[in-house]
Structure formats: structure tokens, C-alpha cells
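1. Kindly generate the corresponding structure for this input.
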Amino acid sequence: MPVYNAPLLTIDPKETRRYAGLMRAKDFDEKLIEDACQDARLLAEPRGIWQLYDYDCENQIVKADPPFHIEGRKIGKHLAGCDKVILLAVTVGDAIEDMVTKRFADGEYASSVLLDAAATTAVEQLADGMEKAIKPKMAAQGYGMRWRFSPGYGDW
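-> A predicted model of the protein is given here:
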């Protein structure tokens, strides 16, 4: 299974703000968001894996070992006509989650929420990086790629 190990040099504060639900908060202290991004970057242990599988789009079956069915009308529509799928997983490690839990338990609610939002931003950035790294490999094999579709999107 191919591995993706890329450094996490920055975490986008604007996306962190969005994941924290603060897009309409005009007077929120930006330094708190920047600090959360920096803490997340320092705690992160970014890693990812991916694998290419044959895919039966008529029945929404990933031909892995063992094969499995992908449920959801929207993911089925997204993958219509595809004969391959790439499954990928990304993590920033347990240290961030442990710190989010600790800060929440210590009553540092804003810090906990912001760190969690920064971790989510980091995961999305890593997944974006994986997509960019995989795309030329697939193009060399004659495949195009559709945009990433994650659990939680639509009805999947």
C-alpha cells in the first residue's frame, strides 16, 4: 500500500476559522486562531496511505479483499462510469486529539475547539496534498481523477 509522508509546514487559519464556525465572528481574536494552528502543526504527526482498487460502478462494489459495497446515492452518482477507485486515509496522529481532550477537560473550551478545527484543517490539507501527488501517477496510467468524496458528504 503506498504511503504518503509530507511535512505540514502551515495550517490555514482561514479554514481553521471556518471549521470552528467563526466565519461571521467579526471581533474574534485572530491570534487565538493562529496559536491553535501553530500548536496543531507542532503536535501533528502527518501520515497517509492510499490504494487503487477495481470498481463495479453498477453495483457500487469496491473489488478489495474482501469486496465491499459503498452505500449512498450521491457517491454512486459521483463514481458513475468509473472502473477504478482510490481509497485514502490521512491522520495527524493522536497527540492533537489528546491535547484537544485535555484542554476541554481543563475548561479551556475555546482553545480546545480551535485546536480541533486546526486539526481538521490539517487533515484536509494533507488529503489535498495526497490528491496532488497521486494525480500524475494516475495520469501516467491513462486515468483521470474526480474530486475527493469523503464519508459525511451528501448521503454517504
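2. Centroid-nearest residue for the chain?
-> residue 124 (3.6 Å; C-alpha atoms, centre = their mean).
3. is it true that that one touches residue 16?
-> No - Residue 124 lies out of contact with residue 16 (C-beta atoms under 8 Å); the separation is 10.3 Å. For the C-beta atoms, the positions are set from N, CA and C on the backbone; glycine is no exception.
4. can you list the weak-confidence ranges in this protein?
-> The model of the chain has no residue with pLDDT under 70.
5. Strands of that one, start to end?
-> For the chain, applying DSSP state E gives strands covering 3-4, 47-56, 61-62, 68-69, 84-91.
6. how close does the residue located most distally from the centre of the chain sit to residue 82?
-> Relative to the C-alpha centroid of the chain, counting by C-alpha atoms, centre = their mean, residue 27 is the outermost residue, at 28.6 Å. Distance of residue 27 to residue 82, given as C-beta to C-beta, to the nearest Å: 47 Å.
7. Which among the strands of the chain is found nearest to residue 34?
-> Smallest distance to residue 34 across the strands of the chain (C-beta to C-beta): 22.8 Å, for strand 84-91.
8. Need the CA coordinates for stretch 2-22. CSV is fine.
-> Written as CSV, here are the backbone C-alpha positions of stretch 2-22 (Å, rounded to 0.1, in the frame of the first residue of the first chain):
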residue,chain,number,x,y,z
PRO,A,2,1.5,3.3,-1.0
VAL,A,3,2.4,5.7,1.9
TYR,A,4,2.2,9.5,1.9
ASN,A,5,4.5,11.3,4.3
ALA,A,6,4.7,15.0,3.7
PRO,A,7,5.6,17.7,6.2
LEU,A,8,2.9,20.0,7.5
LEU,A,9,4.6,23.4,7.1
THR,A,10,1.5,25.6,7.7
ILE,A,11,-2.1,25.2,8.7
ASP,A,12,-4.6,27.7,7.0
PRO,A,13,-6.0,30.0,9.7
LYS,A,14,-9.0,31.0,7.4
GLU,A,15,-10.0,27.4,7.0
THR,A,16,-9.5,26.8,10.8
ARG,A,17,-11.8,29.8,11.4
ARG,A,18,-14.4,28.2,9.1
TYR,A,19,-14.2,24.7,10.8
ALA,A,20,-14.5,26.4,14.2
GLY,A,21,-17.8,28.0,13.0
LEU,A,22,-16.4,31.6,13.3
